[in-house]
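Engineer: no FASTA, just this:
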Ligand SMILES: NC(=O)C1=CN([C@@H]2O[C@H](COP(=O)(O)OP(=O)(O)OC[C@H]3O[C@@H](n4cnc5c(N)ncnc54)[C@H](OP(=O)(O)O)[C@@H]3O)[C@@H](O)[C@H]2O)C=CC1
Ligand SMILES: O=CC(=O)O
């Protein structure tokens, strides 16, 4: 059920109204802006995985319970969905099992027991092995099922996974997300999807639980390309911001004031306001791991090379992420790239 309502100031009234319509509403229910309905200034949605006519709710699988996968799966469970989880490190499944998730031993078993299986893996290698390796999801796929890969990978990897899933007769959708740990927790991600349109239509209610907006971009590879372009820009912006903070500090400016000045002008960005204050204190609590940002720069540069597009800024930024990784900062937040610029050259 989707309820549309105008006026953000009254969102709590609408929430109360929705609760009276639907007493079984999950605890975390919240009003959410939906950009796809431009005719209303504010809208929110109420979701139930079990319609009155539906005795057999869609069974959802979720593979990969890292920083992003855990809160995303949690939101599905809290919304009342039937969710089965798997993660390479089993202990990360426990909190979700406590919330009501089922557990299977392998990705293949999850896929075999579910109608639609989502995956949120680290990189192209892990996305491939979990989808197509021994006991991978493809081994449990068959006609009527669907596989939705949310991991950030390159187009060629996504196409390989698509091919293997399609061979089983199942459908495939790539659906990388823009938005980090907090948007994942808040169900405010932006889905960049491509692939089988009928699967997109089928999973849209679940994407709406995990996200605030979704784009359908056509053929497999377009979702990956969109994600890599966005993250290439983000990675370059972060290195530029880091350079500015350090230059300003070296010439005697207060970096806290630099962050404030930036936040009020044309180059303000939520990322600078969110990460700036902790960067100034040399603290990098991990939301988006630096190793993943470097992976995205690498994949974006590969994409650029495949079409002979010069990307000198991104190439330079990538070098800084590589330096930061070599200094043991892989698992810190990507804002720790600033440390790569603090390293003193040896005499
Ligand atoms: N964090 C963020 O802000 C965002 C991340 N992304 C992208 O989403 C994806 C996941 O990110 P995030 O959750 O932060 O990453 P994490 O590093 O926190 O989680 C990675 C997941 O991949 C699993 N994994 C890694 N290698 C393997 C392998 N060889 N076999 C099986 N499973 C494996 C991990 O399992 P295990 O627990 O056993 O290590 C874990 O479940 C990445 O592609 C990232 O680029 C996209 C948007 C935002
Ligand atoms: O991929 C990272 C993000 O913040 O988006």
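Structural biologist: In hand now; what should we look at? Model, not experiment: these values are computed from the prediction. Residues are numbered from 1 along each chain as shown. Ligands and ions are numbered 1, 2, ... in the order given.

Engineer: Now do the contacts for residue 264.
Structural biologist: Counting by CB atoms under 8 Å, 6 or more residues apart in numbering, residue 264 touches no other residue. Quick note: C-beta positions are derived from backbone N, CA and C, even for glycine.

Engineer: Begin at 219, not 1, for the rest of this chat.
Structural biologist: That works, and once the first residue is 219, the last one we named lands at residue 482.

Engineer: For it, give me phi and psi.
Structural biologist: Dihedral pair for residue 482: phi -100, psi -10, per degrees, to the nearest 10.

Engineer: next one: residue 413
Structural biologist: Dihedral pair for residue 413: phi 130, psi -140, per degrees, to the nearest 10.

Engineer: and it, bridged to which residues?
Structural biologist: residue 391 (DSSP bridges).

Engineer: right, and it touches residue 381 too?
Structural biologist: No: between residue 413 and residue 381 there is no contact under CB atoms under 8 Å: 11.5 Å.

Engineer: Settle it for me: which of these two has more neighbours?
Structural biologist: Neighbour count, other CB atoms under 10 Å: between residue 413 and residue 381, residue 413 has more, with 30 against 13.

Engineer: Let's see the pLDDT reported for that one.
Structural biologist: Note on residue 413: pLDDT of 98.

Engineer: same question, residue 274
Structural biologist: 73.

Engineer: and it, how many neighbours?
Structural biologist: Neighbour tally, residue 274, other CB under 10 Å: 8.

Engineer: check whether stretch 408-422 contacts ligand 2.
Structural biologist: No: Stretch 408-422 stays clear of ligand 2 (CB under 6 Å from any ligand atom), getting no nearer than 8.1 Å.

Engineer: In that stretch, which residues are buried?
Structural biologist: 408, 409, 410, 411, 412, 413, 414, 417, 418, 420, 421 (16 or more other CB atoms under 10 Å).

Engineer: Please state the offset of that stretch from the chain centre?
Structural biologist: 15 Å (CA atoms, centre = their mean, to the nearest Å).

Engineer: next one: stretch 341-358
Structural biologist: 19 Å.

Engineer: now the end-to-end length of it.
Structural biologist: 22 Å (CA to CA, to the nearest Å).

Engineer: mind listing the helices for the stretch 369-518 of the chain?
Structural biologist: With DSSP state H, counting those that start in this stretch as the criterion, the stretch 369-518 of the chain has helices at 373-385, 399-404, 415-428, 440-468, 473-482, 488-498, 508-524.

Engineer: Where does pLDDT dip in the stretch 419-565 of the chain?
Structural biologist: 561, 563-565 (pLDDT under 70).

Engineer: For it, what lies in contact range of ligand 2?
Structural biologist: So the stretch 419-565 of the chain meets ligand 2 at 449, 506 (CB under 6 Å from any ligand atom).

Engineer: Any idea which residue of the stretch 419-565 of the chain lies closest to ligand 2?
Structural biologist: residue 506 (4.6 Å; CB to the nearest ligand atom).

Engineer: from what I can see that residue touches residue 550, true?
Structural biologist: No: look at residue 506 against residue 550 with CB under 8 Å: they stay out of range, at 10.1 Å.

Engineer: Please report the distance of residue 476 from residue 469.
Structural biologist: Distance from residue 476 to residue 469, counting by CB to CB, to the nearest Å: 11 Å.

Engineer: Show me which of these two is the more surrounded one.
Structural biologist: Counted by other CB under 10 Å, residue 476 and residue 469 do not tie: residue 476 has more neighbours, with 19 against 7.

Engineer: Show me which residues of this structure are close to ligand 1?
Structural biologist: Checking the chain against ligand 1 by CB under 6 Å from any ligand atom, the hits are 282-287, 305-307, 310, 338-341, 344, 347-348, 369-370, 395, 398-399, 505-507, 510.

Engineer: Quick check: phi and psi on the residue nearest to residue 427 when sequence neighbours are not counted?
Structural biologist: Spatial nearest neighbour of residue 427, chain neighbours left out: residue 297 (4.7 Å); criterion: CB to CB, 6 or more residues apart in numbering. As for residue 297, its main-chain torsions (degrees, to the nearest 10) stand at phi -80, psi 0.
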